[in-house]
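In: okay, here's the prediction I keep looking at, along with the sequence it came from:
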Number of protein chains: 2
Amino acid sequence: MSDLLQKAKLVRATTTALATNTTEQKNRALELLSAQLKEQKTFIIEENNRDIEQGRNNGLHESLIDRLILNEERIDDMADALLELVELQDPIGEIMEEWSRPNGLNIQKARVPIGVVGMIYEARPNVTIDAASLCLKTGNAVLLRGSSSAIHSNTALVKVIHDALKQSELPNDSVQLIEDTSRETASEMFKLNDYLDVLIPRGGKKLIDTVVANASVPVLETGAGNCHLFIDETAQKQMAIDIAINAKTQRPSVCNAIETILVEKKWAENNLESLITSLQKADVEIHGDDFAVSKGENIIEATEEDYETEYLDNIVALKIVDSVQEAIDHINKYGTHHSESIITENEEHVVAFMNEVDAAAVYHNSSTRFTDGFEFGFGAEIGISTQKLHARGPMGLEALTSTKYLLHGTGQIK
Amino acid sequence: MSDLLQKAKLVRATTTALATNTTEQKNRALELLSAQLKEQKTFIIEENNRDIEQGRNNGLHESLIDRLILNEERIDDMADALLELVELQDPIGEIMEEWSRPNGLNIQKARVPIGVVGMIYEARPNVTIDAASLCLKTGNAVLLRGSSSAIHSNTALVKVIHDALKQSELPNDSVQLIEDTSRETASEMFKLNDYLDVLIPRGGKKLIDTVVANASVPVLETGAGNCHLFIDETAQKQMAIDIAINAKTQRPSVCNAIETILVEKKWAENNLESLITSLQKADVEIHGDDFAVSKGENIIEATEEDYETEYLDNIVALKIVDSVQEAIDHINKYGTHHSESIITENEEHVVAFMNEVDAAAVYHNSSTRFTDGFEFGFGAEIGISTQKLHARGPMGLEALTSTKYLLHGTGQIK
């Protein structure tokens, strides 16, 4: 039996016990894991160094090396995050709805774990602890498949998880790492419907697209963000500029940063030069349409490709539109259904934008940078869903749950 | 451009308008459709006769011919069901949750349509009206792909839908039927992620398995039901027998009928003969284990295969177990996570069974025959989900909805 199948069977066998573990037992396991991380810091760093050395030998880019690094501070952060997770409410067991039928049958809708989560991720080894802890908090078993470049780190972290689980009342086998990181094994994992209830890919667009295209196991898609800011005719000048700068430059590499600014024509006639100057002062490279080019220096002419691009960098596309409707149409054509914002004082335009823009999060007079589980107040985040089923937008602990109907009768027959 | 791609583009283009159609506009369209069905009865029956004739020529089994038939009564039933659907609450637009963040940002979670639903179904032409009307009620566009054996009926029904839509304020193109019923076109539809938000297969296990195995579009899986009744030591004798007969024989061909009865040993020692006699009086063929065979006449010896089989017929497997735990383990091993019931007076056993059995609906002292959107009081049913994501168990209108976060600010930046 392959390593994959063996481990899939191991985790699947733990689901009944895990689903009935109490909140206290799950929190105790997270506390034990937090303590073990601090205790085994030297071991983790040693193993992590093997990945880093291997990465450097393979000529890995320094930005990717940086993602790989587990130092004392990062391990402490992971350990502290576990204690914060302990404080969050356990969603499992909640009776979400309850009603009785005319025949006396009582129906409860209860929140239950999903079962087994398959996590497929790239070089960041902290995802190992992050994913495992969120799954355990919600009573889910998890099969982890990290990248070969982090295999020593991941193996070490899963050893630490097992050390903690052994001291806890949770099933020891509920977290498993697939050590074979070949493509063939990943492809086999995509089709493991008998053992996995959901696949969650975390990483770049290519990874996510591969999983979506090839998996028969249901996927929770956390997608790319080609986000827009629309500055309407009545937008307050300074608010619009401040939000544009913040949404573009505060952290350009993340999915909720904006990539294109759409500006209503009249607002542009009065204020575009100021917007351009402010963006350029903040080191933003502008790819603009003809009108934008005519209003500033050093503006690159935008092409169709610009509107399709998630730059993830200090670059923005700038386009003038005639109306809120043109802005909505542009966004629905080029957007990735992530986060979109309108700056306006016109209530009718707010309503049209909110109703007609097809995105997980639609903002009025705000930066798009708040699309995030922590900023929403969830206290945790598994990712940001850009699909329509199960969960949409920032996913907190509830996204890792399913439901079950419990029906109590007194002999009801149909 | 293929017929499929052309129609996919047509329906996709209607989603923004559909999402903003009011409840009154949607209900008016359903009323118009109800009227059109009654008005065009002769045309529908004529076209349906072509399918029936073709089916008879192709040697189609009479039970399948029966599923194909649209007569006056059935058309009236469809028309009446539409008026009942009008009465149901429109889930779209509901603000499910609302809260404010310390920075003043107000967050609303609103219920919105999914977008475009791809419906793949077998010979029953009534699904055309059923699926289209449930989608329209929830503001979804729908791409229909029925079976070649019902193509004339489906084409006629979609013509009637278009006649109704033309009189309504809903986009005319929001319901489309793919006329090319080849396998190649179905396979192409499975991968149409740019145009379809979800695929819902309705039909036999083979169809559903094919869609799940091959689709990259997210699937709402409505699955098979290998359901169990567990009669515990303390079960009331007459209640247990009545429920067994009802859950097995009231309509054996449906997914929420039971396929295996598990009986606790002590109850079996006292009451198994009565249970066997009652089942046989109701014309049920029993496939039993050794103990069951020893307690009655004409009992076929059960094999492993029996426990895996969804008979969908007047046949039941009968097995003695030592404990509630053995019953739970058997169900989790052989069940399809649909509907499971325990008959007992022991509260601890109820709790164990409810918590540990992994199924969409778990019953105590009741027949499993109530797992149904109408019996649950939803007033409509798209199907019964046996998967863990998005929706589980009977799916009402809410299963055809997604969510969207609406955020109102006053210039918030991060």
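Out: Arrived safely. Residues are numbered from 1 along each chain as shown, chains lettered A, B, ... in the order given.
In: nearest the geometric middle of chain A, what residue?
Out: Residue closest to the mean C-alpha point of chain A, counted by CA atoms, centre = their mean, is A:G383 at 1.6 Å.
In: the residue lying closest to that one once chain neighbours are set aside bridge partners, please.
Out: Nearest non-adjacent residue to A:G383, counting by CB to CB, 6 or more residues apart in numbering or on different chains: A:T222, 3.4 Å away. C-beta: built from backbone N, CA, C; applies to glycine. Here A:T222 sits in beta bridges with A:S385, as judged by DSSP bridges.
In: torsion angles phi and psi at the residue of the stretch 101-250 of chain A found nearest chain B?
Out: Residue nearest to chain B within the stretch 101-250 of chain A: A:N246 (3.7 Å; CB to the nearest CB). Backbone torsions for A:N246, taken as degrees, to the nearest 10, come to phi -60, psi -50.
In: please name the residues that touch it.
Out: Neighbour list for A:N246: A:S367, A:R369, B:I413, B:K414 [criterion: CB atoms under 8 Å, 6 or more residues apart in numbering or on different chains].
In: go through the residues you listed and name the one nearest A:D76.
Out: Closest approach between the contacts of A:N246 and A:D76, by CB to CB: B:K414, at 24.6 Å.
In: check which residues of the worst-scoring helix or strand of chain A on mean pLDDT are buried.
Out: Across the helices and strands of chain A, mean confidence by mean pLDDT, DSSP states H and E is lowest for helix A:62-68: a mean of 89. The neighbour-count check on helix A:62-68 (16 or more other CB atoms under 10 Å in any protein chain shown) flags A:R67, A:L68 as buried.
In: packing partners for it?
Out: Contact partners of helix A:62-68 among helices and strands, from 3 or more CB pairs under 8 Å, 6 or more residues apart in numbering or on different chains; DSSP states H and E: helix A:41-57.
In: output the helix it packs on as CSV - backbone C-alpha positions only.
Out: Listed next in CSV are the C-alpha coordinates belonging to helix A:41-57 (Å, rounded to 0.1, in the frame of the first residue of the first chain):
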residue,chain,number,x,y,z
LYS,A,41,12.8,24.8,19.0
THR,A,42,16.4,23.6,18.5
PHE,A,43,15.3,20.4,16.8
ILE,A,44,12.9,22.3,14.5
ILE,A,45,15.5,24.9,13.6
GLU,A,46,18.1,22.2,12.9
GLU,A,47,15.8,20.4,10.5
ASN,A,48,14.7,23.6,8.9
ASN,A,49,18.3,24.4,8.2
ARG,A,50,18.6,21.3,6.1
ASP,A,51,15.8,22.6,3.9
ILE,A,52,17.4,26.1,3.7
GLU,A,53,20.8,24.6,2.8
GLN,A,54,19.2,22.4,0.2
GLY,A,55,17.3,25.4,-1.2
ARG,A,56,20.4,27.5,-1.4
ASN,A,57,22.2,24.6,-3.2
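In: now do it: everything it contacts.
Out: With CB under 8 Å, 6+ apart, helix A:41-57 has contacts from A:37, A:64-65, A:68-72, A:75, A:125, A:149-153, A:155-157, A:160.
In: any part of the one helix or strand A:Q108 maps to near chain B?
Out: Assessed by DSSP states H and E, A:Q108 sits inside strand A:106-113. Yes. Against chain B, strand A:106-113 shows contacts by CB under 8 Å from any CB of the partner chain at A:I107.
In: walk me through the domains of chain A.
Out: A:3-222+A:391-408, A:227-370 (automatic domain parsing).
In: possible to save those domains as a markdown table with distance to B:S133?
Out: A markdown table is the format used below for the domains of chain A (distance: least, CB to CB, whole Å):
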| stretch | distance to B:S133 |
| --- | --- |
| domain A:3-222+A:391-408 | 24 |
| domain A:227-370 | 23 |
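In: circling back: out of the contacts of helix A:41-57, which are buried?
Out: Among the contacts of helix A:41-57, those that count as buried by neighbour count (16+ other CB under 10 Å) are A:37, A:68-70, A:75, A:125, A:149-153, A:155-157, A:160.
In: pick out the most distant pair among those residues.
Out: Pairwise distances across the buried ones among the contacts of helix A:41-57 peak at 21.1 Å for A:L37 and A:S149 (criterion: CB to CB).
In: which residue does the stretch 251-400 of chain A have closest to chain B?
Out: Counting by CB to the nearest CB, the stretch 251-400 of chain A gets nearest chain B through A:S366, at 3.0 Å.
In: so what's the residue count around that residue?
Out: A:S366 sits with 29 neighbouring residues when counted by other CB atoms under 10 Å in any protein chain shown.
In: beta partners for it?
Out: The bridge-partner assignment for A:S366, based on DSSP bridges, gives B:Q412.
In: residue contacts, it?
Out: Per CB under 8 Å, 6+ apart, neighbours of A:S366: A:I243, A:S341, B:L105, B:L407, B:H408, B:G409, B:T410, B:G411, B:Q412, B:I413.
In: Throw the residues you listed into a markdown table and include pLDDT, distance to B:K9 and neighbour count, thanks.
Out: Converted to a markdown table, those look like this (pLDDT from 0 to 100; distance: CB to CB, whole Å; neighbours: other CB atoms under 10 Å in any protein chain shown):
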| residue | pLDDT | distance to B:K9 | neighbour count |
| --- | --- | --- | --- |
| A:I243 | 98 | 34 | 29 |
| A:S341 | 98 | 28 | 32 |
| B:L105 | 98 | 37 | 21 |
| B:L407 | 98 | 31 | 25 |
| B:H408 | 98 | 34 | 18 |
| B:G409 | 98 | 35 | 22 |
| B:T410 | 98 | 40 | 13 |
| B:G411 | 98 | 39 | 16 |
| B:Q412 | 98 | 38 | 23 |
| B:I413 | 98 | 39 | 17 |
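In: and of those, the nearest to A:E98?
Out: B:L407 (31.2 Å).
In: what residues sit buried inside stretch A:231-243?
Out: A:I231, A:D232, A:E233, A:A235, A:Q236, A:M239, A:A240, A:I241, A:D242, A:I243.
In: with adjacent residues omitted, what lies nearest to the last one?
Out: For A:I243, ignoring the flanking residues on the chain, the nearest one in space by CB to CB, 6+ apart is A:S367 at 5.0 Å.
In: quick one: contacts for that neighbour?
Out: The contact partners of A:S367, by CB under 8 Å, 6+ apart, come to A:I243, A:N246, A:A247, A:Q250, A:S341, B:G409, B:Q412, B:I413, B:K414.
In: how about the strands in the stretch 151-300 of chain A?
Out: For the stretch 151-300 of chain A, the strands defined by DSSP state E, counting those that start in this stretch cover A:175-177, A:198-202, A:227-231, A:258-264, A:285-288, A:300-301.
In: near chain B, which residues of the stretch 1-150 of chain A are found?
Out: A:T15, A:T16, A:A19, A:T20, A:W99, A:R101, A:L105, A:I107, A:I114, A:G115.
In: so the fourth one makes contact with B:N355?
Out: Yes. In this structure, A:T20 sits in contact with B:N355. The criterion is CB atoms under 8 Å, and the distance is 5.1 Å.
In: residues near A:H228, how many?
Out: Residues near A:H228, counting by other CB under 10 Å: 27.
In: where do the helices sit along the stretch 251-400 of chain A?
Out: For the stretch 251-400 of chain A, the helices defined by DSSP state H, counting those that start in this stretch cover A:265-281, A:290-294, A:304-308, A:324-334, A:347-356.
In: a markdown table for those helices, including mean pLDDT?
Out: As requested, the helices of the stretch 251-400 of chain A are exported to a markdown table (pLDDT from 0 to 100):
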| stretch | mean pLDDT |
| --- | --- |
| helix A:265-281 | 98 |
| helix A:290-294 | 97 |
| helix A:304-308 | 96 |
| helix A:324-334 | 97 |
| helix A:347-356 | 97 |
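In: redo those helices as a markdown table? Include mean neighbour count.
Out: A markdown table is the format used below for the helices of the stretch 251-400 of chain A (neighbours: other CB atoms under 10 Å in any protein chain shown):
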| stretch | mean neighbour count |
| --- | --- |
| helix A:265-281 | 17 |
| helix A:290-294 | 16 |
| helix A:304-308 | 15 |
| helix A:324-334 | 19 |
| helix A:347-356 | 17 |
